[in-house]
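# sequence? don't have it. structure:
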């Protein structure tokens, strides 16, 4: 038998982004010994890609703002299919979490009188996003990294977790391998927190980084945890569309928040045509009014470029489909005509650099070509709003991998705050849980022997004539076509059939290199298994929801149907594949009307 390592902790956190690091710090404060597993390097998580800001009703720019309005905006943005208790907790605790980060050393942009500045974002009634230029995620990670190091949390970098361990009905740890050494690693733990982020790499065109392959969703479902609302995949309206090598790379919503406008190939600001009835009267009805709002006129209404992401993404796609798109299949995002060059470079330094270096576009003088890109998963693991506990004892989840807060559509800026609000609650919940759970010896040698055999079998298979990379490319094309911004019943059925064909091919994949040290082929094969399962879950869930709601836009059924579909889709994994069930939407607190604060 090969050499292997065993590590024992009260609480094991899998994922070292914003949610994972916040959970690790809080569990440590609760007296637990904590292990933090990172698929990458500490400080390199996908959280750093979140640019525009974090939403909290601090009321530093608009004194009228408060948690009730933030709660209302979140629920309405999610088309009322959110877990209302999660939304309430989130909106109430958001200001405290931002102030906590400031106390820990986060450097936010300031108002003229020295308070934390807040910018406007889509779907938020007031300027609500605390920010550091367009590099807010990076500052969040830097600040939390300092906390984790100060708490003496044990960090395991470049480790890939392959499966969770069970002691009867409860989770008792995890097993994986160290990519630096190739050694197998067994983690014994009394509780596990999944904070593994999203699954955007299921799609070809995505803003997500390489880590976002859905590992946590799959690990949870393998041990019986419920997945809910998997049909709700968010497509950010503004990703780069040219050149091809950077297609999908995120263009922060901060560009629109700071005044950027959307134009088609005719030079028209087309968003005025796409304001839904539910938002009528709340957005500017002319370019003149939008211009007055940008100059600070409190009597003017926000421009329609600041509608929720699902609405803006669908509007862009309609313009493209009807022949009014840009040369490379998107539309134009123009801030140069709205703001001076110094303002743009100060407020959007990353965007200025990104377009200058990658597209040879100077955004202080030229418009950007943009289009929708797969960005975020609203669905995920079903959790308890108070503790983030899943339906499996000892298993917790926080951040993008956990569902409930966002409903059918996420508002920009809510995700960064989600990581610290619910990362904190997951860490606290896990630390409290382990006080009443005893360690039980686990058969380490037996576990390692099973995994050695599984990995050996992967390398001993004959060459099937195709690779994991080829199957993954096919999967991405299928998901883009079948489960994108607009969907059809026929397209979802064809996509599901195509994904199932790939799943039938998957067991024949082999790994050429027998070693595990930085073996990217091995990692691709392991990840692809998760990804194909989740692709099937998304397509099955989407095919079963016979309405359009938020990010799920079904061309055959274009209207929202509250009478029949005010419910969560639940996916449970069985040996035969995903099984669909439903949960009622329980609204414990209704959002107030716009002017009831």
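Sure, I can see it. Note that the structure is predicted; figures quoted are calculated from it, not measured.
# Quick check: end-to-end length of stretch 514-524?
Start and end residues of stretch 514-524 are separated by 14 Å (Cα to Cα, to the nearest Å).
# And the contacts of it?
Residues from elsewhere that reach stretch 514-524 (Cβ atoms under 8 Å, 6 or more residues apart in numbering): 160, 177, 179-182, 455, 458-459, 467-469, 472, 511-513. Placement of C-beta: from N, CA and C, glycine included.
# which parts of the lengthiest helix in the chain are buried?
If you go by DSSP state H, the chain has its longest helix at helix 520-544. Judged by neighbour count (16 or more other Cβ atoms under 10 Å), helix 520-544 contains these buried residues: 521-543.
# now stretch 276-287
279, 283, 284.
# count of residues packed around the residue nearest to the first one when sequence neighbours are not counted?
So the one you mean is residue 279. Counting by Cβ to Cβ, 6 or more residues apart in numbering, residue 307 is the residue found nearest to residue 279 once chain neighbours are left out, at 6.4 Å. Neighbourhood size, residue 307 [other Cβ atoms under 10 Å]: 24.
# Roughly how far does residue 307 sit from residue 435?
47 Å (Cβ to Cβ, to the nearest Å).
# quick revisit: from the contacts of stretch 514-524, which ones fall inside strands?
Judged by DSSP state E, the contacts of stretch 514-524 include 160, 177 as members of strands.
# which of the contacts of stretch 514-524 count as buried?
Among the contacts of stretch 514-524, those classed as buried by 16+ other Cβ under 10 Å are 160, 177, 179, 182, 455, 458, 459, 467, 468, 472, 511.
# so what's the closest residue to the third one other than its chain neighbours up against?
In space, not counting the residues next to it along the chain, residue 179 is nearest to residue 158; the distance is 4.5 Å by Cβ to Cβ, 6+ apart. With contacts taken as Cβ under 8 Å, 6+ apart, residue 158 has the following neighbours: 38, 39, 40, 41, 178, 179, 180.
# Was I right to think the fifth one contacts residue 7?
So the one you mean is residue 178. No. Between residue 178 and residue 7 there is no contact under Cβ atoms under 8 Å: 10.7 Å.
# Overlap in contacts, these two.
Joint contacts of residue 178 and residue 7 (Cβ under 8 Å, 6+ apart) are 156, 185.
# what about residue 93, how many neighbours?
Residue 93, neighbours per other Cβ under 10 Å, totals 19.
# so how far is residue 68 from it?
Counting by Cβ to Cβ - residue 93 and residue 68 are separated by 14 Å.
# Check residue 357 too.
Taken as Cβ to Cβ, the span from residue 357 to residue 68 is 43 Å.
# Have a look at the two and say which one is more surrounded.
Applying other Cβ under 10 Å to residue 357 and residue 68 shows that residue 68 carries more neighbours, namely 17 against 10.
# Can you show me the strands along the stretch 101-250 of the chain?
118-119, 129-130, 154-156, 159-167, 170-178, 184-194, 227-228, 233-240 (DSSP state E, counting those that start in this stretch).
# contacting residues around residue 223?
164, 166, 171, 392, 395.
# Geometric centre of the protein: which residue is closest?
residue 376 (3.7 Å; Cα atoms, centre = their mean).
# So in terms of bridging, what pairs with that one?
With DSSP bridges as the criterion, residue 376 is bridged to residue 234.
# quick one on the thing from earlier: just the ones of the buried residues of stretch 276-287 in strands?
Per DSSP E, the subset of those in strands is empty.
# Next, format those as a markdown table and append pLDDT.
As requested, those are exported to a markdown table (pLDDT from 0 to 100):
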| residue | pLDDT |
| --- | --- |
| 279 | 88 |
| 283 | 93 |
| 284 | 94 |
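# re earlier: can you tell me how far the residue nearest to residue 179 is from residue 399?
20 Å.
# Tell me who's in contact with residue 239.
With contact taken as Cβ under 8 Å, 6+ apart, residue 239 is in contact with 205, 207, 247, 248, 249, 250, 251, 370, 371, 372, 373, 375.
# What is the burial count for residue 152?
A total of 10 residues lie near residue 152 under the criterion other Cβ under 10 Å.
# got the contact list for it?
residue 28.
# what about 10 Å?
For residue 152, the contacting residues are 28, 33, 34, by Cβ atoms under 10 Å, 6 or more residues apart in numbering.
# all helices in the stretch 151-300 of the chain, in order from the N-terminus.
Secondary structure of the stretch 151-300 of the chain (DSSP state H, counting those that start in this stretch): helices at 215-222, 254-257, 287-294.
# Please identify the most buried of these.
Among those, helix 254-257 has the highest mean neighbour count (mean count of other Cβ atoms under 10 Å), at a mean of 27.
# pLDDT of that helix, averaged?
In this model, helix 254-257 has an average pLDDT of 92.
# Mind giving me the packing neighbours of that helix?
Counting contacts by 3 or more Cβ pairs under 10 Å, 6 or more residues apart in numbering; DSSP states H and E, helix 254-257 packs against strand 118-119, strand 233-240, strand 331-334, helix 341-347, helix 349-358.
# how about the ones you listed in CSV, adding mean pLDDT and distance to residue 493?
Output for the helices and strands packed on helix 254-257, formatted as CSV (pLDDT from 0 to 100; distance: least, Cβ to Cβ, whole Å):
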stretch, mean pLDDT, distance to residue 493
strand 118-119, 94, 42
strand 233-240, 96, 18
strand 331-334, 97, 30
helix 341-347, 95, 45
helix 349-358, 94, 37
